[in-house]
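J.: Sequence plus predicted model, see below.
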Amino acid sequence: MNEKSVLEMRNISKFFPGVKALQNVDFTLCEGEIHALMGENGAGKSTLIKVLTGVYEKDGGHIYLKGHDKEVSIRSPQDAQRLGVSTVYQEITLCPNLSVAENMYIGRGKGLGMSWKKMNSAADKILQSLDIPARATQQLSSCSIAIQQMVAIARAVDMDCKVLILDEPTSSLDEQEVEKLFGLMRDLKARGVGIIFVTHFLDQVYEVCDKITVLRDGQLVGEYEIKDLPRVKLVSKMLGKELDDMSDIKSESAAYEGSDASEVIFEAKDLQSNAGIKPFDFTIKKGEVNGFTGLLGSGRSECVRAIFGADKVVGGTVKVKGKKVKINKPIDAMKNGIAYLPEDRKVDGIVGDLSVRENIVLALQVMRGFFKPFTKAEAYKFADEYIKLLEIKTASADTPVKSLSGGNQQKVILARWLLMHPEYLILDEPTRGIDIGTKVEIQKLVLKLASEGISVTFISSETDEMLRTCSRLVVMRDRKVVGELSGEDLTQTKIMSTIAGGEG
């Protein structure tokens, strides 16, 4: 091993049925280094991390860690922890019914010999040192998703780790919380900890990282110093091709020009749910792409959940194509031609143990009724059509959907709703946690659907993505609508000033 290296992975290979997930991949992490692991969904990033943390057993290759004379064998996450390798995954893997302190010490020998008082005191100490607004004794479920994520990071940091793996840790954090995390990462770097940082936010990579390793299709593309790899080159290496200027996406797409283009497809007045949003008005026309924007927690998702009946509606009126309707639950929305791709695909979207085919036909089967099942031939026809249309990377239609990458799982949910031929499609964070190439595909698909007359409401945490796809934006702050922007007002500056309550 190089004397500066804390971790070296050599010729790592991993195979799944029909898929070469990793082929002879090398990865080196130095002490006191923040190293970005980049690649599209399905490139092999998560597989490499799972091999390193003992979730998967490698099919070939060697792993070396500083302080060990020969290669190490990591057969379980406990092995990894014992060797000083700690991980914080994108999907929070804590126990919501336990306290913050119990989550920080569960499954660790250190917790077994501690009294409750000592454990709570130790937990409070690290929470305070990381400036995390949570108490050791409070139940984790009472914390926001962002704070739960920070507790997961606190747990990892407190394990005296040599290698800290952060797998999409910022996807649920707002800007200030991201800055706190970056401060913590820099502090750990100064103490000599090696950090592997997996993210889809390019700005964050260039703000906090020293090096970048790029994977593509399970193979190593290369390792680069951050100063030697401009963003455009990074994107082209991830995709294996030059990326079109993403700002041109909208101009390439034709707007819907049917004679009914001015028809209001959906209209809500004083709509209110039990999720704490203030009553709001909302309309969308045929073939229009509009969106809700605002900071994390502003109420964007709650608004579309009220529209779809996913949260209990407690006030207001709704019209679909001019006719007053009641939408009390999702099936009511579906019967009125409304489809919804939820923010949390793990909880509300995919059914992990079902196949790609079964997930795709699920919504249509619900509409048809479970006593009238599709024939196998019909189900395969539908699935194969949308696997091809959306270029879903899967060994077959029978592959369990949980074994697909995040981006491909998202495409499966999108296929499910497109199969229903909705008139109004709601997409809540459809590109969160997926790679740049798939983001561009989904953005282009949204505009193509709109050009064919489907109305789309699009929500994204990335305002530049909203500006590329939407012709009108509803701006939210503190769970209420504070403005609406279109035309020349659709700029980053105007959005930010409206959120902040300024005049722009």
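T.: Yes, it's here.
J.: Okay, strands next: where are they in the stretch 301-450 of the chain?
T.: 313-320, 323-325, 338-341, 424-428 (DSSP state E, counting those that start in this stretch).
J.: who's in contact with Asp464?
T.: Gln492 (C-beta atoms under 8 Å, 6 or more residues apart in numbering). Every C-beta, even on glycine, is put in place using the N, C-alpha and C of the backbone.
J.: would it count as being in a helix?
T.: Yes: looking at Asp464 with DSSP: H, G, I helix; E, B strand; the rest coil, it is inside a helix.
J.: quick one: it from Glu488, how far?
T.: Separation of Asp464 from Glu488 (C-beta to C-beta, to the nearest Å) stands at 17 Å.
J.: hey, where'd the strands end up in the stretch 51-200 of the chain?
T.: Secondary structure of the stretch 51-200 of the chain (DSSP E, counting those that start in this stretch): strands at 60-65, 85-88, 163-167, 194-198.
J.: Include distance to Thr457, mean pLDDT and mean neighbour count when you put these into CSV, please.
T.: What follows is those, written out as CSV (distance: least, C-beta to C-beta, whole Å; pLDDT from 0 to 100; neighbours: other C-beta atoms under 10 Å):
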stretch, distance to Thr457, mean pLDDT, mean neighbour count
strand 60-65, 46, 96, 17
strand 85-88, 32, 88, 24
strand 163-167, 29, 92, 24
strand 194-198, 29, 95, 24
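J.: Pass me the low-pLDDT residue ranges in the stretch 201-350 of the chain, would you?
T.: 239, 241-254, 295-297, 344-349 (pLDDT under 70).
J.: now the strands of the stretch 301-450 of the chain as JSON lines including mean neighbour count and distance to Ser121?
T.: Output for those, formatted as JSON lines (neighbours: other C-beta atoms under 10 Å; distance: least, C-beta to C-beta, whole Å):
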{"stretch": "strand 313-320", "mean neighbour count": "16", "distance to Ser121": "43"}
{"stretch": "strand 323-325", "mean neighbour count": "11", "distance to Ser121": "56"}
{"stretch": "strand 338-341", "mean neighbour count": "25", "distance to Ser121": "44"}
{"stretch": "strand 424-428", "mean neighbour count": "26", "distance to Ser121": "40"}
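J.: Could you say which one of those comes nearest to Phe292?
T.: Comparing the strands of the stretch 301-450 of the chain against Phe292 with C-beta to C-beta, the closest turns out to be strand 424-428 (8.8 Å).
J.: what lines up beside the closest one in the sheet?
T.: strand 338-341 (parallel), strand 455-459 (parallel) (DSSP bridges).
J.: Any chance of TSV for those strands, columns distance to Leu164?
T.: Listed next are the strands paired with strand 424-428 as TSV, based on distance: least, C-beta to C-beta, whole Å:
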stretch	distance to Leu164
strand 338-341	32
strand 455-459	31
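J.: So for Ser403, which of these sits nearest?
T.: strand 338-341 (20.3 Å).
J.: care to break this structure down by domain?
T.: 5-239, 244-336+470-504 (automatic domain parsing).
J.: one step back: select, out of the strands paired with strand 424-428, the one closest to Thr199.
T.: Taking the strands paired with strand 424-428 one by one with C-beta to C-beta, strand 455-459 is closest: 19.8 Å.
J.: Surely Val475 and Gly294 touch.
T.: Yes: Val475 is within contact range of Gly294, at 6.1 Å (criterion: C-beta atoms under 8 Å).
J.: on that earlier part again, using JSON lines, lay out the strands of the stretch 301-450 of the chain together with distance to Met38.
T.: Listed next are these as JSON lines, based on distance: least, C-beta to C-beta, whole Å:
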{"stretch": "strand 313-320", "distance to Met38": "42"}
{"stretch": "strand 323-325", "distance to Met38": "46"}
{"stretch": "strand 338-341", "distance to Met38": "25"}
{"stretch": "strand 424-428", "distance to Met38": "25"}
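J.: Of all those strands, which one comes closest to Pro169?
T.: strand 424-428 (20.8 Å).
J.: tell me the mean pLDDT for that closest one?
T.: On average, the pLDDT along strand 424-428 is 93.
J.: Contacts for that strand, please.
T.: By C-beta under 8 Å, 6+ apart, strand 424-428 touches 265-266, 284, 300-301, 304, 307-308, 337-343, 414, 417-418, 446, 449, 454-459.
J.: cool, and stretch 264-274?
T.: 278-286, 302-303, 305-307, 311-322, 338, 423-424, 455.
J.: Which positions within it qualify as buried?
T.: 265-268, 271-273 (16 or more other C-beta atoms under 10 Å).
J.: do stretch 449-469 as well
T.: 449-451, 453-463, 465-469.
J.: what's around Ile34, how many residues?
T.: 23 (other C-beta atoms under 10 Å).
J.: One more: Phe201?
T.: Other residues close to Phe201 by other C-beta under 10 Å number 14.
J.: One more: Val481?
T.: Neighbour number of Val481 under other C-beta under 10 Å is 20.
J.: Please report the distance of the residue located most distally from the centre of the chain from Asn11.
T.: Distance to the chain centre peaks in the chain at Asp69, reaching 38.8 Å (criterion: C-alpha atoms, centre = their mean). Using C-beta to C-beta, Asp69 is found at 20 Å from Asn11.
J.: Please name the bridge partners of Leu485.
T.: Going by DSSP bridges, Leu485 is paired in beta bridges with Leu473.
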